[in-house]
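heads up, no residue letters with this:
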């Protein structure tokens with residue numbers, strides 16, 4: 001069979017792609033193939049080259065070497081506009097809609113239906129066509145609504161509609177569920193299945209194993225900018241995938257915590273918040289990790305926010321070192337020795353344009369000040385020690401946090417909390433949105449804290465993480481604690497069975 005006839009079997013084909021930035025090789029001889037009507041997951045650690053390959057395929061980056069073929073024909077993807085016209089569209093992890101324009105105006109931006117003679121946009125036609133396109137995606141979003149009034153999930157649907165205006169044959173989704181609720185994510189999965197049935201090829205980039213195995217037909221793994229393997233998803237297990245991504249087995253990524261807890265550090269008795277949670281009671285001991293499991297909306301984050309004073313409880317008692325304390329604000333929590341690493345690091349965890357040093361010391365500036373002035377040398381020394389101890393990879397202590405990888409951003413947030421020297425550390429989804437290697441580093445930080453006698457309350461939606469790090473696991477359902485489990489004597493099936501509402 002002739003080479004061109006072989007290529008016609010593929011919707012999209014990238015051959016021997018190389019790409020470097022400032023002399024650093026990011027993609028090294030990478031090849032990738034996508035079939036019509038296929039969901040093809042692209043997986044790997046941060047820095048593996050996933051997003052760079054996606055940006056090459058969508059015209060954002062031009063490869064140093066290699067070729068791209070669409071339906072058997074070679075194409076030069078010199079810009080995103082050229083890629084869109086050819087039929088390749090990408091929805092980025094960071095959505096950038098025009099917030100003060102309507103849904104319809106966002107969908108048809110640059111493609112508005114207009115009068116041949118006057119050039120005026122036909123508004124009624126614009127909204128009608130936008131509504132029809134959204135209906136094809138199963139969405140009922142009002143086309144005249146301003147984008148700023150939409151949820152993240154709704155904005156994402158609009159971004160997909162914007163790509164499909166161009167009759168795209170290929171849709172690239174980069175971490176599409178990172179900021180979605182479970183309901184929004186399930187709606188997105190249904191849209192993906194409908195697009196797949198229409199023959200659209202989908203490149204799906206995600207760190208979330210559960211959704212990858214739910215959606216993907218095939219999986220390609222990249223490591224250190226190289227192609228490792230492409231396999232049918234049905235023939236892979238999570239443990240196999242982890243080994244391929246990081247070059248080591250599951251046990252080295254999720255080793256079990258083995259330490260003996262001491263005396264109670266935090267005791268919570270009958271804590272309640274109207275409409276959020278009720279009669280929550282537990283204790284966390286020195287040298288112990290207490291895991292908090294449950295589905296989204298079960299009340300886990302509400303409980304830790306109440307303990308930190310972000311949204312104080314209405315009733316109940318909090319005891320630290322066996323003394324009753326009143327926590328009405330984060331300042332109260334910090335004074336009593338309670339620290340929090342929030343679940344949303346980008347919104348609440350750091351100041352993006354500040355340097356690493358400024359972000360690390362922000363929560364405890366008094367410790368580095370004298371007579372109202374910051375002692376810069378002391379601040380720098382403390383920050384550099386924190387950078388080393390937390391394993392933050394950066395150019396310097398002054399590098400802007402927004403320029404770090406997700407894993408290193410998370411380590412900055414953890415480092416800042418640790419500089420307040422909390423006796424009790426609450427971690428809310430500490431590894432959300434970071435790769436396997438960064439997860440292992442965060443886990444090691446937690447282990448070191450526990451070995452030093454800290455008490456840790458861990459909220460995580462990743463059950464393997466809870467089983468690995470926790471001594472005990474509390475399961476919450478609809479605002480109440482429904483079970484306490486020994487982490488060594490339970491499994492993911494039992495935890496899920498308890499967490500699902502009756």
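That came through, no problem. Bear in mind that the values here come from a model prediction, so they are computed numbers and not experimental data.

use CA for all of it now, contacts and neighbours both
Noted.

residue 16 is in contact with residue 33, isn't it?
No - the pair residue 16 / residue 33 is not scored as a contact, 11.3 Å apart, by Cα atoms under 8 Å.

what sits up against stretch 64-84?
Stretch 64-84 is contacted by residues 4-20, 29, 56-62, 89, 163, 166, 168 when judged by Cα atoms under 8 Å, 6 or more residues apart in numbering.

please indicate which of those residues are buried?
7-8, 10-14, 16-19, 56-62, 89, 163, 166, 168 (16 or more other Cα atoms under 10 Å).

so which of those are in strands?
Residues of these located in strands (DSSP state E): 12-14, 16-19, 89.

let me have those in CSV, extended by distance to residue 220.
CSV is the format used below for these (distance: Cα to Cα, whole Å):
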residue, distance to residue 220
12, 14
13, 13
14, 13
16, 15
17, 15
18, 17
19, 18
89, 19
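
which among these gets closest to residue 419?
residue 19 (39.2 Å; Cα to Cα).

pLDDT wise, what is the closest residue to residue 213 other than its chain neighbours at?
With Cα to Cα, 6 or more residues apart in numbering as the measure, residue 233 is the residue that lies nearest to residue 213, at 6.4 Å, once sequence neighbours are left out. If you check residue 233, the pLDDT there is 94.

contact partners for residue 233?
Applying Cα under 8 Å, 6+ apart, we find residue 233 in contact with 213, 216-219.

what kind of secondary structure is residue 126 in?
Put simply, residue 126 is helix when judged by DSSP: H, G, I helix; E, B strand; the rest coil.

and it, how many residues sit next to it?
By the criterion of other Cα atoms under 10 Å, residue 126 has 19 neighbours.

quick one, what contacts it?
104-105, 108, 112-113.

can you lay out those as JSON lines showing distance to residue 119?
Formatted as JSON lines, the contacts of residue 126 follow (distance: Cα to Cα, whole Å):
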{"residue": "104", "distance to residue 119": "18"}
{"residue": "105", "distance to residue 119": "16"}
{"residue": "108", "distance to residue 119": "15"}
{"residue": "112", "distance to residue 119": "10"}
{"residue": "113", "distance to residue 119": "9"}
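
where do the helices of the stretch 251-400 of the chain begin and end?
Ranges of helices in the stretch 251-400 of the chain, per DSSP state H, counting those that start in this stretch, are 300-307, 330-335, 356-361, 376-390.

most tightly packed of these?
Highest mean neighbour count among these (mean count of other Cα atoms under 10 Å): helix 356-361, with a mean of 25.

which secondary structure elements does that helix contact?
Packing partners of helix 356-361 (3 or more Cα pairs under 8 Å, 6 or more residues apart in numbering; DSSP states H and E): helix 376-390, helix 406-418.

turn the ones you listed into CSV, columns for mean pLDDT and distance to residue 440.
Output for these, formatted as CSV (pLDDT from 0 to 100; distance: least, Cα to Cα, whole Å):
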stretch, mean pLDDT, distance to residue 440
helix 376-390, 81, 12
helix 406-418, 82, 10
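
ok, which of the ones you listed comes nearest residue 182?
In terms of Cα to Cα, the element of the helices and strands packed on helix 356-361 nearest to residue 182 is helix 406-418, at 21.3 Å.
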